[in-house]
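# Give the three-dimensional model of this entry:
(2 chains)
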Amino acid sequence: MLHYEDFHEGQSFDLGTYHVTRDELLSFAREFDPQPFHLDEAAAVSSVLGGLAASGWHSCAILMRMICNGYLNRSAGMGSGGMDEVKWLKPVFADETLTGTMTVLSKRVSSKRPEMGILKCRWELRNVAGEVKMEQVGINFMGVRAP
Amino acid sequence: MMGLHLEDVEAGQVFGLGSYLFTRENMLEFARAFDPQPFHVDDEAAARGPFGGLAASGWHTAAAWMKCYIATSQEAEARRRGEGLSAVGTGPSPGVSNLKWLKPVLAGDTISYRCTVKGKRPMVTRPQWGLMFSEGEGFNQAGERVFSFDSTVLMARRPPLS
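Reported below is the predicted structural model:
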């Protein structure tokens, strides 16, 4: 099990791949973000996004799943207080395969809670051509093995 | 956005977005698909975990804000149609910042969401669009602020009079 001590500034984790099916894209959009450019091919093509694109919040959810699979669910993760930045740089289209990385930007132990480490991380979601689709910078709380 | 053009919004305007009930079922469904951390999917682990019980994924809290925002916008669009006006639509967003999960959202919590306009400016590169800057928030039934973020969204500009 990974703990705070196992994460180092500058360290990167590969988050594997995730294929976004058209069905999953539509299903998320119908439930949480039913805008025409997330639901309707014809409306999407003539929109600013240029094609049927995933909700930005769906991209966040997908990256979260990749983070869980990549390292978090074999760690002493304690949740997150938030994200400094979420940048939706390019639309995520139906039937794209995505890759992800996490990089540790800095680390410290909470002054109030010595059992909790605070990792500042950057997460990136790319397509297989290497284009960055989304970037997040934020906090991941991580249990300290030996407080 | 809310059936309004960029010209119609001013800093300080507050839009109530309605509320979303977080149930054990919808929390587990979301978390199993997207955020299967023990404190989101496993009752026993959650009881021992950082939130003292099963908590909603923070991205579920965020997605529910969006659901309420779009539903409120679409109701406003329907009123416009009723008045014989054409649709304005909602624009995409380049991102959000200062997103904070301030308190855990637990099963049975009803979160009321709102959106406060902070500022706006026309876009130089896309003259038919402007940018609106706003703050999104969520409050639980006890009135505690559980979620907030700053967002930027594209808003259509009012077409020139012909």
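# Skipping its backbone neighbours, what lies nearest residue 31 in space?
Going with chain A. Distance criterion Cβ to Cβ, 6 or more residues apart in numbering or on different chains; nearest residue to residue A:31, sequence neighbours excluded, is residue B:67 at 7.0 Å. For glycine as for every other residue, the C-beta is placed from the backbone atoms N, C-alpha and C.
# looking at chain B here, not the other one
Going by Cβ to Cβ, 6+ apart, residue B:31 has residue B:40 as its nearest residue, at 3.7 Å.
# Quick check: pLDDT value at the spatially most central residue of chain A.
In chain A, the C-alpha nearest the mean C-alpha coordinate belongs to residue A:63, at 2.9 Å (Cα atoms, centre = their mean). Here the pLDDT value assigned to residue A:63 is 98.
# And the one 4 residues further on, by the same measure?
We have a pLDDT of 98 for residue A:67.
# same thing with the one 4 residues further on?
Among the per-residue scores, residue A:71 holds a pLDDT of 96.
# give the contact list for residue 13.
Using chain A here. Contacts for residue A:13 (Cβ atoms under 8 Å, 6 or more residues apart in numbering or on different chains) come out as A:70, A:71, A:101, A:102, A:103.
# ah, I was thinking of chain B
Applying Cβ under 8 Å, 6+ apart, we find residue B:13 in contact with B:116, B:117.
# And the lengthiest helix in chain A, what does it pack against?
Counting by DSSP state H, the longest helix found in chain A is helix A:56-70. Packing contacts for helix A:56-70, counted by 3 or more Cβ pairs under 8 Å, 6 or more residues apart in numbering or on different chains; DSSP states H and E, involve strand A:12-19, helix A:22-32, strand A:82-88, strand A:97-109, strand A:116-127, strand A:132-143, helix B:24-34, helix B:58-82.
# Can you convert these into a markdown table and add a column each for mean pLDDT and distance to residue B:5?
Below are those laid out as a markdown table (pLDDT from 0 to 100; distance: least, Cβ to Cβ, whole Å):
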| stretch | mean pLDDT | distance to residue B:5 |
| --- | --- | --- |
| strand A:12-19 | 97 | 37 |
| helix A:22-32 | 97 | 24 |
| strand A:82-88 | 98 | 23 |
| strand A:97-109 | 98 | 35 |
| strand A:116-127 | 98 | 32 |
| strand A:132-143 | 97 | 28 |
| helix B:24-34 | 97 | 34 |
| helix B:58-82 | 95 | 11 |
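# Quick one, which of those gets closest to residue B:112.
Among the helices and strands packed on helix A:56-70, helix B:58-82 comes nearest to residue B:112, with 8.6 Å by Cβ to Cβ.
# give me the number of residues near residue 57?
With no chain named, the answer covers chain A. 24 (other Cβ atoms under 10 Å in any protein chain shown).
# could you do chain B instead?
Applying other Cβ under 10 Å, we find 27 residues neighbouring residue B:57.
# Find the residue closest to the most centrally placed residue in chain B in space, skipping its chain neighbours.
In chain B, the residue lying closest to the centroid (Cα atoms, centre = their mean) is residue B:65, at 3.0 Å. Closest residue to residue B:65 apart from its sequence neighbours, by Cβ to Cβ, 6+ apart: residue B:113 at 4.9 Å.
# Same question for residue B:7.
Excluding the flanking residues, the one nearest residue B:7 by Cβ to Cβ, 6+ apart is residue B:158, at 4.7 Å.
# Quick check: phi and psi at that neighbour.
Reported as degrees, to the nearest 10, the phi and psi values for residue B:158 are phi -70, psi 130.
# Next, work out how far apart it and residue B:129 are.
Per Cβ to Cβ, to the nearest Å, residue B:158 is found 12 Å from residue B:129.
# coming back round to it: wait, doesn't the residue nearest to the centre of chain A sit right on residue A:122?
No - using Cβ atoms under 8 Å, residue A:63 is not in contact with residue A:122; the gap is 11.5 Å.
# Could you list the contact residues of chain B toward chain A?
Residues of chain B that fall close to chain A, judged by Cβ under 8 Å from any Cβ of the partner chain: B:30, B:33-39, B:49-51, B:55, B:57-59, B:62-64, B:66-67, B:70, B:74, B:89-101, B:126, B:129, B:154.
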